[in-house]
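Student: Could you look at this predicted model? Sequence included:
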Amino acid sequence: MTLLEPLAGTVPAEFQKLDDRFSGIRGDAQFERLWTGGRWLEGPVYSPAGRYLLWSDIPNDRILRWDETSYQVSAFREPAGNTNGHTLDHQGRLVSCEHGNRRVTRTEHNGQVSVLADNFEGHRLNSPNDVVVQADGTVWFTDPAYGIDSDYEGHKGEIETEGCHVYRITPDGVLSKVADDFNRPNGLAFSNDGSLLYITDTEEATIRVFTVTESGLSGGKLFAECGNGAFDGIRLDSEGRIWGAAGDGVHIYHPDGGLLGKLLVPETVSNLCFGGAKRNRLFLTATTSLYSLFTTVNGAPQPYDH
């Protein structure tokens with residue numbers, strides 16, 4: 001196993017209150033910079049069973065692994081199909097979006113990689129970007145074209161699906177298109193009761209919210225507009241607040257759409273997740289570096305918690 005030495009050090013972390021309801025959201029005064037040296041980091045996912053974090057360094061075509069017990073960083077998979085977003089399913093298996101291979105995969109417990117989707121109605125997917133899994137095993141993912149726009153995050157290619165859409169894979173393997181009115185759909189996250197799905201559109205710098213139905217999604221009203229840069233990955237905490245990656249850090253929203261405050265970060269944040277034994281450690285992938293800090297809030301329960 002090749003070890004990649006982490007950069008020791010901290011950087012200031014500033015919580016900026018914009019609404020009185022932000023009171024009580026606090027955390028460490030400093031970010032731990034767990035590692036640096038990437039080109040565009042993405043897709044953090046925490047494994048509670050293994051006590052490690054995985055994330056993608058897309059242009060360098062690798063998945064990296066940070067060990068919570070030793071703070072060591074190593075290459076988990078290289079090459080990795082220019083992998084972007086990751087999540088764990090209801091059985092704790094890794095589900096990944098691969099830009100370069102234009103597919104969604106699952107890593108089985110024995111390490112075997114299974115393909116969940118690589119085409120829709122015979123047409124290759126663009127470059128699956130981010131993914132979430134419901135407690136019943138249904139997989140939802142976004143499919144913008146960042147991985148085929150150029151060779152930087154994948155392989156330059158053509159859109160074959162007539163646009164950039166959102167898809168769902170049912171437990172029996174049926175792939176369906178559930179939203180087709182996005183410019184570049186990106187991050188997505190369920191409300192804590194599973195009734196709503198929040199989806200970012202990076203090119204439009206918005207978050208939209210949909211009602212989850214038996215057949216897919218309905219609605220899609222505007223939930224928030226980003227005031228700095230554009231939204232990328234999103235996660236929810238245990239109180240249902242929405243945490244969105246943005247140009248100046250993380251923007252935190254009340255479920256009613258009000259911007260409660262921000263967590264300012266010295267690099268553009270691409271994605272985030274909660275981890276640690278109590279889901280109160282926030283991990284951020286921010287351009288070149290992986291950051292973390294402990295907070296006074298807890299992340300939302302995950303499918304493997306049910």
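Tutor: Yes, it's here. What you are looking at is a predicted structure, and each value in this text was computed from that prediction instead of being measured. Residues are numbered from 1 along each chain as shown.

Student: Each with direction, which strands does the strand ranked longest in the chain pair with?
Tutor: If each strand of the chain is counted by residues according to DSSP state E, the longest one is strand 216-225. According to DSSP bridges, strand 216-225 forms sheet pairs with strand 206-213 (antiparallel).

Student: buried sites along the partner strand?
Tutor: 206-210, 212 (16 or more other Cβ atoms under 10 Å). For the C-beta atoms, the positions are set from N, CA and C on the backbone; glycine is no exception.

Student: before we move on, what about stretch 287-303?
Tutor: Buried, per 16+ other Cβ under 10 Å, within stretch 287-303: 287-293, 295, 297, 299-300, 302-303.

Student: Ends of it, what's the gap?
Tutor: 28 Å (Cα to Cα, to the nearest Å).

Student: returning to that earlier point: can you put the buried residues of stretch 287-303 in TSV and add distance to residue 160?
Tutor: Below are the buried residues of stretch 287-303 laid out as TSV (distance: Cβ to Cβ, whole Å):
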residue	distance to residue 160
287	30
288	32
289	35
290	34
291	37
292	39
293	42
295	42
297	42
299	36
300	35
302	33
303	30
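
Student: Any buried residues in the longest strand of the chain, and which?
Tutor: Buried-residue list, strand 216-225, by 16+ other Cβ under 10 Å: 216-217, 220, 223-224.

Student: again, but for stretch 233-246
Tutor: So stretch 233-246, judged by 16+ other Cβ under 10 Å, has buried residues 233-237, 241-246.

Student: Next step: those restricted to strands.
Tutor: Per DSSP E, the buried residues of stretch 233-246 map to strands at 234-236, 242-246.

Student: Please pull out the lowest mean pLDDT helix or strand from the chain.
Tutor: strand 3-4 (a mean of 60; mean pLDDT, DSSP states H and E).

Student: Given the next helix or strand after that one, what are its sheet partners and their directions?
Tutor: The helix or strand immediately downstream of strand 3-4 is strand 10-12, counting by DSSP states H and E. Sheet pairing of strand 10-12 (DSSP bridges) gives strand 30-36 (antiparallel).

Student: so how far is the partner strand from its chain's centroid?
Tutor: 19 Å (Cα atoms, centre = their mean, to the nearest Å).

Student: Now do the buried residues in that strand.
Tutor: 31-36.

Student: Need the residues that contact it.
Tutor: 4, 6-7, 9-13, 64, 66, 71, 73, 265, 284, 288-293 (Cβ atoms under 8 Å, 6 or more residues apart in numbering).

Student: Narrow those to those that are buried.
Tutor: Judged by 16+ other Cβ under 10 Å, buried ones among those: 6, 13, 64, 66, 73, 265, 284, 288-293.

Student: Greatest separation within those: which pair is it?
Tutor: 13 and 64 (22.0 Å; Cβ to Cβ).

Student: ok so, going back, how about a markdown table for the buried residues of strand 216-225, with pLDDT and distance to residue 132 added?
Tutor: Listed next are the buried residues of strand 216-225 as a markdown table, based on pLDDT from 0 to 100; distance: Cβ to Cβ, whole Å:
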| residue | pLDDT | distance to residue 132 |
| --- | --- | --- |
| 216 | 94 | 14 |
| 217 | 97 | 13 |
| 220 | 97 | 17 |
| 223 | 98 | 16 |
| 224 | 98 | 18 |
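
Student: pLDDT weak spots in the stretch 201-306 of the chain?
Tutor: Within the stretch 201-306 of the chain, the stretches with pLDDT under 70 are 306.

Student: picking that back up, go through the ones in strands among the buried residues of stretch 233-246 and say which is closest to residue 58.
Tutor: Nearest member of these to residue 58, counting by Cβ to Cβ, is residue 245, at 14.6 Å.

Student: In this structure, what residue spans correspond to helices?
Tutor: All helices of the chain, identified by DSSP state H, fall at 146-149.

Student: Low-confidence stretches in the stretch 1-150 of the chain?
Tutor: For the stretch 1-150 of the chain (pLDDT under 70), the answer is 1-8.

Student: and stretch 140-156, C-alpha only, in CSV?
Tutor: C-alpha atoms of stretch 140-156 as CSV (Å, rounded to 0.1, in the frame of the first residue of the first chain):
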residue,chain,number,x,y,z
TRP,A,140,-30.7,7.9,-7.6
PHE,A,141,-28.0,9.7,-9.6
THR,A,142,-27.4,12.8,-11.6
ASP,A,143,-25.9,12.7,-15.1
PRO,A,144,-24.4,16.1,-16.3
ALA,A,145,-21.7,16.2,-19.0
TYR,A,146,-18.7,17.4,-17.1
GLY,A,147,-16.8,14.2,-17.7
ILE,A,148,-17.3,14.3,-21.5
ASP,A,149,-16.9,18.1,-22.0
SER,A,150,-13.1,17.6,-22.2
ASP,A,151,-10.4,15.2,-21.2
TYR,A,152,-9.8,16.9,-17.9
GLU,A,153,-12.4,15.0,-15.8
GLY,A,154,-12.9,12.0,-18.1
HIS,A,155,-12.9,11.5,-21.8
LYS,A,156,-14.2,14.0,-24.3
